[in-house]
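J.: Make a model of this:
(4 chains)
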There are 2 protein chains.
Amino acid sequence: MSLKHYRHLQEHFHSLIRNKVLEAGSKLPSEREIGEQFKLTRVTVRQALQSLEMEGMVYRQNRRGWFVSPPAVVYDPAAHLSFNIFVTEQGYTPHTEKLQQTLVAADSEVATKMNLAVGTPVLFLHRRRYIDNRPVLIEKMYINTTLLPGIEEEDLTQSLSQLLARKYQMSYRDMDLSFKATSLPEEATSALGITAGQSGLNIERINYTQDKQVLEIDYEYWRHDAVTIQIAIRD
Amino acid sequence: MSLKHYRHLQEHFHSLIRNKVLEAGSKLPSEREIGEQFKLTRVTVRQALQSLEMEGMVYRQNRRGWFVSPPAVVYDPAAHLSFNIFVTEQGYTPHTEKLQQTLVAADSEVATKMNLAVGTPVLFLHRRRYIDNRPVLIEKMYINTTLLPGIEEEDLTQSLSQLLARKYQMSYRDMDLSFKATSLPEEATSALGITAGQSGLNIERINYTQDKQVLEIDYEYWRHDAVTIQIAIRD
DNA sequence: AACACCAACTGGTATATACCAGATTAACTT
DNA sequence: AAGTTAATCTGGTATATACCAGTTGGTGTT
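T.: Numbering: from 1, shown residues only, chains lettered A, B, ... in the order given. Presented below is the predicted three-dimensional model:
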């Protein structure tokens, strides 16, 4: 009799999900029901669920229940494809929601990275993005309006890369990327409907124009189970 | 009185660590001591510590205690620097330990990726790598010995990239990379001295030669708090 | 000095229980 | 039919307790 009841429970659900007995997006029984069925306390049940959550097999919605995680989308930053396009290409439905949009004065961090004077107006854009109606990431962007006059009058729930191409004859080229597995800050968890402090993926990106000027700085927080990063490095 | 005692405790240690009152690598008081000091049960203390662990602020060693996490190293796969070099450049001391080395028959996954027949002998190499004496990653590599005759007789705790350059006049060039934040499999946690099922970073890498042949396939599992990925994309 | 052993200490797993807070649903109003 | 209210269901936080399983450090041997 190998102990570790929560491992048994974890393996049980893992196998149900792997074998598609429980489909992506479907709701698991409540913690209390599971506990009753397996003669375990809620504490133990929760430990199993949290392990499954770390594996990326299940996710939770605050006080609504536990759900089977859909497959992760593949994100290739080097492909220069917009969110809308690569999500659609993989058979899912993207959706973008604008949470906030204001002109702000560049703070020292943003100003330094953009090579602007502190206080220069930049466009701050806060968006939430969905895959198949599940919120998977929030992003905060600082856009160099100096290079993109009039951009604040456009519909900024659409793809920025398409907007750049159409209105400014520009496209994303060089970029600096940084990834870190970390816990999600409160602003991210509340916007994504996640329990505070759950782990996620933090991406920082600086996009440059063809002539090496900083077009935009992007801070993204993803649900960790929603994305796999894939990059082809070709020198 | 805002509830959530564990958040208070989390913030308490977060601030101690941020202000260097607790230095990197130093040991925290035991869970029981902390509980006594703050009049909290061990369950609550553990919840706070687990949150700090997800933040990357602390880590644990099985039944030895909790420790303050050192800063993460920056890993730039596109820079083609060996582990030894980029760790040293950032002021830390790298160390590599060979856990296993055998010739194995390529299974279908490896054979397909290497464009070899199933069953072709490939060199399997299992290593554990340390930063400042802390084990931070394990890697399992499958090396295309067809391209590198005699490599199994070399010292494979050293840098492979240096070995390639010296003995075979080869260097890493193109590569396919995949990153995923996930939980560490049992083989990784036990080798790293981590509690089973903790979250980590999974990296898969395929290295190609100058003429597009697969040199090596690499599966890495990192402690999530030990590394930040940074890539400069230049088209 | 080297070894074997044991007590003490650490985190790991688990039970039993309670109350809180947000989400959902059913019942009741208007 | 639409809106309000209350009961119920969900996960979130917390106490108190117990025993298990590696690690550590000291004790006593050799």
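
J.: Show me which residues of chain A are close to DNA strand C?
T.: A:3-7, A:39-44, A:47, A:62-64 (C-beta under 7 Å from any atom of the strand). Backbone N, C-alpha and C define where each C-beta goes, glycine included.

J.: Out of these, which is nearest to B:A111?
T.: Set against B:A111, the nearest of the residues of chain A next to DNA strand C by C-beta to C-beta is A:R7 (32.8 Å).

J.: so how far is the helix or strand where the closest one lies off the chain centroid?
T.: According to DSSP states H and E, A:R7 maps onto helix A:5-18. Its chain's C-alpha centre and that of helix A:5-18 lie 26 Å apart, by C-alpha atoms, centre = their mean, to the nearest Å.

J.: And the residues of chain A next to DNA strand C, which of them are buried?
T.: Buried positions within the residues of chain A next to DNA strand C, assessed by neighbour count (16 or more other C-beta atoms under 10 Å in any protein chain shown), are A:H5, A:Y6, A:R7, A:L40, A:T44, A:Q47.

J.: Strand partners (parallel or antiparallel) of the one helix or strand A:L125 maps to?
T.: Per DSSP H and E, A:L125 falls inside strand A:121-131. Partner strands for strand A:121-131, per DSSP bridges, with pairing direction: strand A:94-105 (antiparallel), strand A:134-143 (antiparallel).

J.: from those, which stretch is densest packed?
T.: Comparing these by mean neighbour count (mean count of other C-beta atoms under 10 Å in any protein chain shown), strand A:134-143 ranks first with a mean of 21.

J.: What residues sit buried inside whatever helix or strand comes next after that strand?
T.: Moving toward the C-terminus from strand A:134-143, the next helix or strand (DSSP H and E) is helix A:160-168. By neighbour count with 16+ other C-beta under 10 Å, helix A:160-168 contains the buried residues A:L160, A:S161, A:L163, A:L164.

J.: The residue nearest to A:S190 when sequence neighbours are not counted: what's it in contact with?
T.: Leaving aside its sequence neighbours, A:S190 sits nearest to A:A196 (C-beta to C-beta, 6 or more residues apart in numbering or on different chains; 7.7 Å). With contact set as C-beta atoms under 8 Å, 6 or more residues apart in numbering or on different chains, A:A196 has these partners: A:E186, A:T189, A:S190, B:R7.

J.: Now do the SS call for A:A196.
T.: coil (DSSP: H, G, I helix; E, B strand; the rest coil).

J.: What about it? Give its phi and psi, please.
T.: When read as degrees, to the nearest 10, the backbone of A:A196 gives phi -50, psi 140.

J.: So which residues on chain A come close to chain B?
T.: Residues of chain A lying close to chain B by C-beta under 8 Å from any C-beta of the partner chain are A:7, A:10, A:43, A:51, A:54-56, A:72, A:77-78, A:173-183, A:196-201, A:224, A:228-235.

J.: among these, which ones are buried?
T.: With burial judged by 16+ other C-beta under 10 Å, the buried subset of the residues of chain A next to chain B is A:7, A:10, A:51, A:54-56, A:72, A:77-78, A:173, A:175-183, A:197-201, A:224, A:228-231, A:233.

J.: among the residues of chain A next to chain B, which are within reach of DNA strand D?
T.: Among the residues of chain A next to chain B, the ones lying near DNA strand D by C-beta under 7 Å from any atom of the strand are A:V43, A:A196.

J.: What are the contacting residues of the helix or strand containing A:Q50?
T.: Using DSSP H and E, A:Q50 falls within helix A:42-55. Contact partners of helix A:42-55, identified using C-beta under 8 Å, 6+ apart, comprise A:5-7, A:9-10, A:13-14, A:28, A:31-32, A:34-35, A:38, A:58-60, A:66, A:198-199, A:225, B:43, B:182-183, B:197-199.

J.: Need the pLDDT of the nearest residue to A:H95 once chain neighbours are set aside.
T.: With sequence-adjacent residues excluded and distances taken as C-beta to C-beta, 6+ apart, A:H95 is closest to A:Y130, at 4.1 Å. According to the prediction, A:Y130 has pLDDT 94.

J.: what about A:Y130, neighbour count?
T.: For A:Y130, the neighbour count with other C-beta atoms under 10 Å in any protein chain shown is 18.

J.: Equivalent analysis for A:R32, please.
T.: A count of neighbours around A:R32, defined by other C-beta under 10 Å, yields 10.

J.: next one: the one 3 residues further on
T.: For A:G35, the number of neighbouring residues by other C-beta under 10 Å comes to 18.

J.: any low-confidence regions in chain A?
T.: Filtered on pLDDT under 70, chain A yields the residue ranges A:1-3.

J.: measure stretch A:46-64 end to end?
T.: Stretch A:46-64 has an end-to-end distance of 14 Å (C-alpha to C-alpha, to the nearest Å).

J.: I misspoke; the intended subject was stretch A:106-120.
T.: End-to-end span of stretch A:106-120 (C-alpha to C-alpha): 5 Å.

J.: Neighbour count says what about the contacts of A:A196? Which are buried?
T.: A:T189, B:R7.

J.: and the contacts of A:A196, which two are the farthest apart?
T.: Across these, the longest distance by C-beta to C-beta is 14.0 Å; it joins A:S190 and B:R7.

J.: Near DNA strand D, which residues of chain A? Just list them.
T.: Listed as neighbours of DNA strand D in chain A under the rule C-beta under 7 Å from any atom of the strand: A:3, A:28, A:30-33, A:42-43, A:46, A:60, A:62-66, A:195-196.

J.: rerun at 6 Å
T.: Counting by C-beta under 6 Å from any atom of the strand, the residues of chain A close to DNA strand D are A:S30, A:E31, A:R32, A:E33, A:V43, A:R60, A:N62, A:R63, A:G65, A:W66, A:T195, A:A196.

J.: from those, which two are the most distant?
T.: Every pair of these checked by C-beta to C-beta; the farthest is A:E33 and A:A196, at 24.7 Å.

J.: so what are the domain limits for chain A?
T.: A:5-68, A:73-229 (automatic domain parsing).

J.: Let me know which of these is the nearest to B:V136.
T.: Among those, the nearest to B:V136 by C-beta to C-beta is domain A:73-229 (13.2 Å).

J.: now the end-to-end length of that closest one.
T.: Using C-alpha to C-alpha, the end-to-end distance of domain A:73-229 comes to 9 Å.

J.: same question, stretch A:171-185
T.: Across stretch A:171-185, the terminal residues are separated by 31 Å (C-alpha to C-alpha).

J.: element containing A:T182?
T.: Assigned by DSSP H and E, A:T182 falls within strand A:175-183.

J.: what's in contact with the next helix or strand after that strand?
T.: Toward the C-terminus, strand A:175-183 is succeeded by helix A:186-192 as the next helix or strand (DSSP H and E). Here helix A:186-192 makes contact (C-beta under 8 Å, 6+ apart) with A:99, A:128, A:135-138, A:184, A:194-198, A:200, A:221, A:223.

J.: nearest to chain B, of those residues?
T.: Among the contacts of helix A:186-192, A:G197 lies closest to chain B (C-beta to the nearest C-beta), at 4.8 Å.

J.: Can you tell me which of the buried residues of helix A:160-168 is nearest A:P121?
T.: A:L160 (18.1 Å).

J.: Go ahead and confirm that closest one touches A:S82.
T.: Yes - the pair A:L160 / A:S82 is scored as a contact, 7.2 Å apart, by C-beta atoms under 8 Å.

J.: I'm done for today, thanks for sticking with me.
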